[in-house]
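Q: Got a sequence here, can you build the structure:
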Amino acid sequence: MNTRSIDTAVPGAPGAPGTIGAPTSADPEYLAWAAARQKRIWRRRILPALGIVGLIALWWLVIVAFGVKPFIAPTPWAVLETLYAKRDVLLDNLLPTAFEAAGGFVLGNLAAIAVATVFVHNKTLQDIFFPVVLMFNAVPLVAKAPVLVLIMGNGMEPKITIAALVCFFPTLVNMVRGLESVNPQAMELMRVLSASKTEIFFRLRLLNALPYLFSALRIAASMCVIGAVVGEWVGATVGIGAMILQATFNFDSPLLYAAIVMSATLSGLFFLLVTLAERWVIRWQPEAAP
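A: Sure thing, here's the model as predicted:
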């Protein structure tokens with residue numbers, strides 16, 4: 001079971017809130033623990049920021065050093081100017097993409113959880129349909145999109161479906177793994193206590209599967225935006241995907257890169273929401289060692 005690093009104090013840690021006989025602020029052990037915790041917090045904030053700044057600096061350096069034409073790759077400053085000058089257009093196109101990605105995220109993951117539950121309780125169905133799901137997932141996304149547009153029309157439905165399909169397989173695989181990898185001794189204890197299948201599922205299997213589930217949800221949080229954008233490439237007139245195509249055909253590279261930045265920001269926001277939800281739901285995992 002994978003663990004995560006959290007910023008909240010772990011019960012039993014030196015000076016942690018709620019710990020019986022917690023040391024005072026003058027305790028050297030408490031001060032060392034608090035300093036290490038604060039260092040981890042700042043490390044997780046500063047290092048990603050340095051990585052982003054370094055990437056932007058490298059991007060700018062390559063353009064200046066090699067004299068890259070603006071219609072091929074704009075400077076970061078040109079992209080920033082486009083983000084500000086065309087912010088209304090970008091936001092208007094971001095909203096449909098966000099709705100499609102969020103709808104696909106919810107539908108795809110709910111379907112994956114339901115199917116994983118059925119598979120765990122019925123091995124015959126799992127043996128029959130899991131290879132089918134694997135083969136369907138092997139079909140390229142750009143090949144599924146036109147088929148879904150022909151079936152569902154040119155509205156939001158095929159885009160939401162494509163985003164859901166992108167989320168479905170990773171969540172299904174992780175959820176099945178989490179539901180099946182329960183401790184055999186805990187399972188035997190539940191059976192000795194005459195627990196029903198429902199009680200075993202909610203009190204043992206589901207709790208064991210939550211870390212696996214949130215690992216998949218973090219992947220799906222980024223993939224759902226990709227699915228929505230790819231769906232918009234097939235016949236859409238609004239959305240970030242449609243804007244990317246229009247900017248490409250018009251050789252408007254600042255707008256193209258601005259649209260990519262908006263889609264990446266949307267993926268990052270979804271990822272952040274899933275991470276916050278994980279911290280709120282899974283509270284029993286220990287804090288990672290420094």
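Q: Could you give me the buried positions within the strand or helix carrying residue 30?
A: In this assignment (DSSP states H and E), residue 30 forms part of helix 28-66. Judged by neighbour count using 16 or more other Cβ atoms under 10 Å, the buried positions of helix 28-66 are 30, 33, 34, 37, 40, 59, 63. The way it works is simple: take the backbone N, C-alpha and C, and place the C-beta from them, glycine included.
Q: The stretch 51-200 of the chain: helices as residue ranges?
A: Counting by DSSP state H, counting those that start in this stretch, one finds helices in the stretch 51-200 of the chain at the ranges 76-85, 87-121, 123-138, 141-152, 156-180, 184-192, 197-200.
Q: Reformat those as CSV; add mean pLDDT and mean neighbour count.
A: Shown next, in CSV, are these (pLDDT from 0 to 100; neighbours: other Cβ atoms under 10 Å):
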stretch, mean pLDDT, mean neighbour count
helix 76-85, 90, 16
helix 87-121, 93, 19
helix 123-138, 88, 12
helix 141-152, 86, 15
helix 156-180, 92, 23
helix 184-192, 85, 11
helix 197-200, 85, 12
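Q: Adding distance to residue 260, write those helices out as TSV.
A: Output for the helices of the stretch 51-200 of the chain, formatted as TSV (distance: least, Cβ to Cβ, whole Å):
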stretch	distance to residue 260
helix 76-85	9
helix 87-121	11
helix 123-138	25
helix 141-152	18
helix 156-180	18
helix 184-192	47
helix 197-200	46
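Q: Out of those helices, which gets nearest to residue 68?
A: For the helices of the stretch 51-200 of the chain, proximity to residue 68 was assessed by Cβ to Cβ; helix 76-85 is nearest, at 11.5 Å.
Q: picking up where we left off before, quick one: mean pLDDT for the helix holding residue 30?
A: Here helix 28-66 scores 80 as its mean pLDDT.
Q: Show me what it is packed against.
A: The elements that helix 28-66 packs onto, with contact taken as 3 or more Cβ pairs under 8 Å, 6 or more residues apart in numbering; DSSP states H and E, are helix 76-85.
Q: Next, the angle from the helix it packs on to helix 87-121.
A: 90 degrees (axes from the mean of the first three to the mean of the last three Cα atoms, to 10 degrees).
Q: For helix 76-85, name the packing helices and strands.
A: Counting by 3+ Cβ pairs under 8 Å, 6+ apart, helix 76-85 packs on helix 28-66, helix 253-281.
Q: Switch these over to JSON lines; also include distance to residue 155.
A: Below are the helices and strands packed on helix 76-85 laid out as JSON lines (distance: least, Cβ to Cβ, whole Å):
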{"stretch": "helix 28-66", "distance to residue 155": "36"}
{"stretch": "helix 253-281", "distance to residue 155": "20"}
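Q: mind checking which of these is nearest residue 197?
A: Between the helices and strands packed on helix 76-85, helix 253-281 lies closest to residue 197; by Cβ to Cβ that is 23.0 Å.
Q: hmm, back to that, so which of the helices and strands packed on helix 76-85 is nearest residue 132?
A: Proximity to residue 132 (Cβ to Cβ) singles out helix 253-281 among the helices and strands packed on helix 76-85, at 27.9 Å.
Q: in that closest one, what's buried?
A: Neighbour counts using 16+ other Cβ under 10 Å place 253-263, 266-267, 270-271, 274, 278-279 of helix 253-281 among the buried residues.
Q: and it, what's its mean pLDDT?
A: pLDDT averaged over helix 253-281 gives 92.
Q: in terms of contact count, name the helices or strands touching it.
A: Using 3+ Cβ pairs under 8 Å, 6+ apart, helix 253-281 sits against helix 76-85, helix 87-121, helix 206-232, helix 240-249.
Q: What is the third one packed up against?
A: Other helices and strands packing on helix 206-232, by 3+ Cβ pairs under 8 Å, 6+ apart, are helix 87-121, helix 141-152, helix 156-180, helix 240-249, helix 253-281.
Q: Mind putting these into JSON lines with distance to residue 44?
A: Putting these into JSON lines (distance: least, Cβ to Cβ, whole Å) gives the following:
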{"stretch": "helix 87-121", "distance to residue 44": "25"}
{"stretch": "helix 141-152", "distance to residue 44": "32"}
{"stretch": "helix 156-180", "distance to residue 44": "24"}
{"stretch": "helix 240-249", "distance to residue 44": "29"}
{"stretch": "helix 253-281", "distance to residue 44": "11"}
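Q: Nearest to residue 186, out of these?
A: The closest of the helices and strands packed on helix 206-232 to residue 186 is helix 156-180. By Cβ to Cβ, the value is 13.1 Å.
Q: What angle do helix 123-138 and that closest one make with each other?
A: Between helix 156-180 and helix 123-138, the angle comes out at 130 degrees (the same axes, to 10 degrees).
Q: Thanks a lot, see you next time.
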